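In: Need the 3D shape of this:
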Amino acid sequence: MTASLTWRAAQGCASRSLSDMIPITGNRPKFNSSLQVLSLSALGVVFGDIGTSPLYTLKTVLALTGGKPDRAVILGTLSLVIWTLIMVTTIKYVSFAMRINNDGEGGILALMSLLGVKLKPRPFIVALGLLGAALIYGDGAVTPAISVLLAINPIYGISYLHSDGVTGFLVLGGVFLCVTGAEALYADMGHFGARPIRLAWSALVFPSLVLNYAGQAALVLAGAPTSDNIFYRLCPSALLIPLVVLATIATIIASQSIITGAFSMTRQAIQLGWLPRLKITQTSAEGYGQIYVGAVNWTLMIVTCGLTLGFGKSDNLAAAYGIAVSATMLATSALLFTAMREIWGWGFIRAGGIAGAFIIVDLTFFAANSSKIASGGYVPLLLAGFVYGIMLIWHRGAKAVSARFQEAVVPIGAFMAEIAQKQVPRVPGTAVFLTRTKQDVPPLMVWHLSHNRALHKCLFVVTVDTESVPWVNDAQHLAMTEVAPQFWRASARYGFMERPDIPALLGQAHACGCGIDLSDITYYVGHETILPRNDGKGLPKWMAACFVVMQRNSTHLGEYFRLPSDAVVEIGRQISI
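Out: Numbers count the residues shown, from 1 in each chain. Below you'll find the predicted structure:
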């Protein structure tokens, strides 16, 4: 007879995982910092990119107007800058987008998993979210007085656009540079929380940006030339060198903000099954969001250096800046419409009116930035297309491998009967098999038996699932069933911001009474050799070949699941997809 007993960690069982080292508030790690401290920290990480926009935005915009702007042009462009900051950053992201979160996490991938996976499987939303994420990678390598306050009046900007026709429209591509870091506000929300970011933006960053742009415009109104960088004319000549040093440091911080966002987005994509496993180093025991992904960091460095050498100077590279971010913002606006309807329960007219206004603004900027494609804007689009292709190939390849494994499972009853019939020896200890299959006996165990002709006394099969939420409560990480005497099947659930810890999970299982011997465990993982199928039903050969390359360069399963290296056994097998 097969004994069946289901245990859940929610029944009072404890575990030792990351959440034991970091205090928990709900489903999220608790950062023991005040609102003011978090707001101060957010200034560098969250606002690093948008905070350095005064270095180049107004200079680029005025250059697009012809280099000799009159009062109407100056006030008009300044008005466009100010209202772009208000419309895109303050209203869209700070006031609306940051109110929609996936268990505290923000960003386009978190929004995608919430709307396209968690609420309802919708391939279009998944594709839109992945495209937006890929565009952020593409752009990440390209990251480079009082009476003017009259420009707060939007009439100046509207009048300029109306009177200057095509030139005014093209100027919007330069104006957009002032909000190229706005997406980071939403993406980094999980690191600091919404309140600290809102406080830092409203109380310090936004007023500072407006005053800086107004100060630069005032200098130009007073007759300052626009051929060099207007930003550096804001200080006395004696302080020029210190200001250049400060601006250089600020630019490094701005680069760090986009790199940090890329790290977080990479981990989310890995956990959701859209990127191969990469080595992720936790750089802090207190902040889970503080990570380092070497492969991403070095790739960005190589691409950035290549772009710098290829374009020669920042003026040539400026054309490549903005188009990818504007496309990402457009995708975010489309997802916000769905969120307003399904999460907030808004009617079509109300949600369509607000989200439609965002989409119109984003479409306008995207169209203006599209004029840059031929002169450099193709660069981030090519990079985004490359990343998007990697995501699709990996996901399809991983699904094909899982499907092939599912075809080779053996019913538990037949497997146990064969063990009894052949009198297979049972050796002391516990064998833990990590598998993709969700039922019956996994192929990995069958192959192990056929090669070794023996089994451990206690068998423990684990399937790891990544949920469409960032965090799973510690009590819900594990669900297990004794499908046969001394044969346990377990399902491990983790959020896409968590890193699985199988040894800690086994400690949780032991505390629940499954009887495994924690002092004598052997972990079995598969090492697949991928081959193309010959029946015409598999993936295209070129796609299978790309998947093989990515699989060979992905992090070893043992390292990814935190398995002790001296207790891991690999079983080689060939899989045709």
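In: Listing request: residues of the stretch 301-450 of the chain with sub-threshold pLDDT.
Out: Across the stretch 301-450 of the chain, residues meeting the criterion (pLDDT under 70) sit at 312-321.
In: Kindly report the same for the stretch 101-250 of the chain.
Out: Along the stretch 101-250 of the chain, the model assigns pLDDT under 70 to residues 138-147, 149-151, 164-165, 191.
In: ok, residues contacting stretch 195-208?
Out: Contact partners of stretch 195-208, identified using Cβ atoms under 8 Å, 6 or more residues apart in numbering, comprise 35-36, 38-43, 46-47, 50-51, 85, 89-90, 94, 98, 185, 188-189. Every C-beta, even on glycine, is put in place using the N, C-alpha and C of the backbone.
In: Start from the N-terminal end of the stretch 251-400 of the chain and give the strands.
Out: Here the stretch 251-400 of the chain has its strands, by DSSP state E, counting those that start in this stretch, at 280-282, 291-293.
In: Equivalent analysis for the stretch 1-150 of the chain, please.
Out: 6-8, 24-25, 28-29.
In: buried set for the strand or helix carrying Ala490?
Out: Element membership of Ala490, judged by DSSP states H and E, is strand 487-494. Across strand 487-494, burial judged by 16 or more other Cβ atoms under 10 Å covers 487-490, 492-494.
In: What's the end-to-end length of stretch 268-276?
Out: Terminal residues of stretch 268-276 lie 11 Å apart, using Cα to Cα, to the nearest Å.
In: and it, how far out from the chain's middle?
Out: Distance, stretch centre to chain centre, for stretch 268-276: 9 Å (Cα atoms, centre = their mean, to the nearest Å).
In: for stretch 544-558, same thing?
Out: 20 Å.
In: in it, what counts as buried?
Out: Neighbour counts over stretch 544-558 (16+ other Cβ under 10 Å) mark 544, 546-548, 550-551, 554, 557-558 as buried.
In: With stretch 197-208 instead?
Out: Buried residues in stretch 197-208, counted by 16+ other Cβ under 10 Å: 197-201, 205-206.
In: Look up the closest residue to His527, ignoring the ones flanking it.
Out: Glu570 (4.5 Å; Cβ to Cβ, 6 or more residues apart in numbering).
In: For the strand or helix carrying the one you found, give me every contacting residue.
Out: Here Glu570 sits within strand 568-576, counting by DSSP H and E. Residues outside strand 568-576 that contact it (Cβ under 8 Å, 6+ apart): 401, 404-405, 443-444, 447-448, 451, 522-534, 538, 558.
In: That one pairs with which strands?
Out: strand 521-531 (parallel) (DSSP bridges).
In: Give me the contact list for the partner strand.
Out: With contact meaning Cβ under 8 Å, 6+ apart, strand 521-531 is reached by 397, 401, 429-435, 444-445, 448, 456, 502, 506, 544, 547-548, 551, 557-558, 563-564, 567-577.
In: Can you say which of those are buried?
Out: Buried among the contacts of strand 521-531 by 16+ other Cβ under 10 Å: 397, 401, 430-435, 444-445, 448, 456, 502, 506, 544, 547-548, 551, 557-558, 563, 568, 571, 575-577.
In: And the pLDDT at Ala492?
Out: As predicted, Ala492 sits at a pLDDT of 90.
In: Quick check: beta-bridge partners of it?
Out: Applying DSSP bridges, one finds that Ala492 bridges with Val464, Leu478.
In: wait, which of the buried residues of strand 487-494 is closest to Tyr292?
Out: Tyr292 lies nearest to Tyr494 out of those, by Cβ to Cβ, at 20.2 Å.
In: Redo the buried residues of stretch 544-558 as CSV? Include pLDDT.
Out: Output for the buried residues of stretch 544-558, formatted as CSV (pLDDT from 0 to 100):
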residue, pLDDT
Ala544, 86
Cys546, 89
Phe547, 88
Val548, 86
Met550, 88
Gln551, 84
Ser554, 83
Leu557, 82
Gly558, 83
